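**Q** model the structure of this input:
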Amino acid sequence: MIEDPIDLFYLTGIELSAGQLLISKEGSKLYVDGRYIEEAKSRTNAELGPAKLSGKVEFDSSKTTYQRYLDLQKEGVELIPVREPTRASRLIKTAEEMEKLVAAANLGVEGYYAVLELLKEGITEKEVAVELEVFWRRKGGSSVAFSPIIAFGESSSKPHYHPTDRPLRKNEAVLIDIGVTLDHYHSDMTRVYFFGKPHPKMEEIYEIVKEAQARALALCKPGVTCRELDLAARDFITEKGFGEFFAHGLGHGIGLQVHEPPRIHSKGSDADFKLQAGMVITVEPGIYLPSIGGIRIEDTVIITPNGHRNLTNCPK
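**A** The predicted model follows:
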């Protein structure tokens, strides 16, 4: 039984806020409420729900709430937890999905250049973020993939920063972590732009992060584990004396969600997971110095049979 709206879209192509897809050896059937029944019937094997459950029912233990579990128990079925039942298929993108991710990445890069055109003394982080969203919507994007991170100067030391009314001043770094949603698929990229002459420490860590990312990108190919990929960048940053200032994983999968499995980190449940052709991931090392600023450089890449293809066609 699939109930997660994103998994439902992945498997049926129908945007649903609620529904149940039952998959068995005999076939599959989608159950929806009155809001979706007409569209669902025109596109797949659908009935007015909810479904009447019986026997053994597998459910997604990673997304089902405890309350929903209790409600299902009342139906008298044998509930079998299965973690992320669509994970294996969603990890490997189809040719059509790759085309959509390429298009989203290209629109993301267009947005980056639009941001650079906006930068001037006195403009605020919030103003840049708003103008970027307007730009993307005019270009056909359905939404931002996540709240844009536009961080000026010392604010860039906070990895998941939210734009404020802080104005841009001369000789500051501008961290730009942005993504757009296009035809349900997401882009994600980060660049740091120097608006004048930056703090000397920022120049130093910029070069370190750029080299760390290059080392990780060189390993992006089938058979390499998430641990190996993460450590390629992390060990170099540590070697240079900034290991404690790289406080997040190297990257993540991307597709119908901006953050999908696998988590690219040397620790955690995906550490020993091996990259496979058809996966799409981000590679985004960073160094963040409190009160000075932070550098993060992020590209999105497709793992190919012999290496990778970088979708973030934008200089560093």
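**Q** quick one: the helices in the stretch 51-200 of the chain, in order.
**A** If DSSP state H, counting those that start in this stretch is used as the criterion, the helices of the stretch 51-200 of the chain fall at 66-73, 87-91, 95-118, 125-138, 200-218.
**Q** name the residues of the fourth one that are buried.
**A** If I follow you right, that is helix 125-138. Within helix 125-138, the residues that count as buried by 16 or more other CB atoms under 10 Å are E125, E127, V128, A129, E131, L132, E133, F135, W136. Yep, even glycine has a C-beta here, placed from its N, CA and C like the rest.
**Q** same list (the helices of the stretch 51-200 of the chain) but as TSV, adding distance to F242.
**A** Listed next are those as TSV, based on distance: least, CB to CB, whole Å:
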stretch	distance to F242
helix 66-73	41
helix 87-91	31
helix 95-118	25
helix 125-138	25
helix 200-218	6
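**Q** so for E244, which of those helices sits nearest?
**A** helix 200-218 (12.7 Å; CB to CB).
**Q** could you say what helices and strands that closest one packs with?
**A** strand 189-195, helix 226-239, strand 280-283, strand 286-289, strand 293-296, strand 299-304 (3 or more CB pairs under 8 Å, 6 or more residues apart in numbering; DSSP states H and E).
**Q** now do 7 Å
**A** Packing partners of helix 200-218 (3 or more CB pairs under 7 Å, 6 or more residues apart in numbering; DSSP states H and E): helix 226-239, strand 280-283, strand 286-289, strand 293-296.
**Q** could I get the ones you listed in CSV, plus columns for mean pLDDT, mean neighbour count and distance to S147?
**A** What follows is the helices and strands packed on helix 200-218, written out as CSV (pLDDT from 0 to 100; neighbours: other CB atoms under 10 Å; distance: least, CB to CB, whole Å):
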stretch, mean pLDDT, mean neighbour count, distance to S147
helix 226-239, 98, 21, 25
strand 280-283, 98, 26, 17
strand 286-289, 98, 24, 18
strand 293-296, 98, 26, 16
